[in-house]
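>>> fold the following.
(one chain, ligands or ions: 1)
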Amino acid sequence: MAQNILVLHGPNLNLLGMREPDIYGRQTLADINSHLTDVATGMGAQCHVFQSNHEGVLVDRIQAAAGEHIDYIIINAGAYTHTSVAIRDALAAVSIPFVEVHLSNVYQREAFRHHSYLSAMAKGVIVGLGAYGYEAALRFALAQ
Ligand code: DQA
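Prediction:
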């Protein structure tokens, strides 16, 4: 069973709650993170959370995970999903299985959101379920 989960949030997700709430919901990032931490703790596991607006900082955090016995990564890379070969390469380099999450259904939105550099490497992808998508990904990861 996975014991150590790292949840990564990319750019602008620090603004959840006030950022386009009709698309991204009204829960803040702190609400989401504390719920995920509670779920993990309740199952005897640990959930580490991290957000950055900076691509290189996210790359550094993924690289650091390799030395931290992280069993699974849950990542919403935000807009970097659609642009970042560097984040994809970092995930490939550490070989930690991951689930890609998007709050919104990116396939109902602009065409530039339909391509992800991460999806082909992900164990699974969850889109459009709002904050519940993170919880679903966490419960899946904890069951592996
Ligand atoms: C997002 C979708 C991305 O296209 C967008 O750039 C985000 C959030 C989502 O969670 O729906 O920042 O990843």
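>>> residues from this structure in reach of the ligand?
12, 76, 78-79, 81, 102-104, 106, 113 (Cβ under 6 Å from any ligand atom). All C-beta atoms are positioned from the backbone trio N, CA, C, and that covers glycine.
>>> now do the same contact list for residue 86.
55-56, 59 (Cβ atoms under 8 Å, 6 or more residues apart in numbering).
>>> can you pull the buried residues of stretch 137-144?
137-138, 140-142 (16 or more other Cβ atoms under 10 Å).
>>> state the distance from the closest residue to residue 130 other than its chain neighbours to residue 137.
Closest residue to residue 130 apart from its sequence neighbours, by Cβ to Cβ, 6 or more residues apart in numbering: residue 25 at 4.8 Å. Distance of residue 25 to residue 137, computed by Cβ to Cβ, to the nearest Å: 16 Å.
>>> now do the longest helix seen in the chain, average pLDDT.
For the chain, the longest helix by residue count, based on DSSP state H, is helix 29-42. The predicted model gives helix 29-42 an average pLDDT of 98.
>>> just stretch 90-100 next, same as before
98.
>>> can you name every helix or strand that whatever helix or strand comes next after the longest helix of the chain contacts?
Where DSSP states H and E defines the elements, the next helix or strand beyond helix 29-42 is strand 46-51. Applying 3 or more Cβ pairs under 8 Å, 6 or more residues apart in numbering; DSSP states H and E, we find strand 46-51 packed against strand 4-9, helix 29-42.
>>> understood, closing this out.
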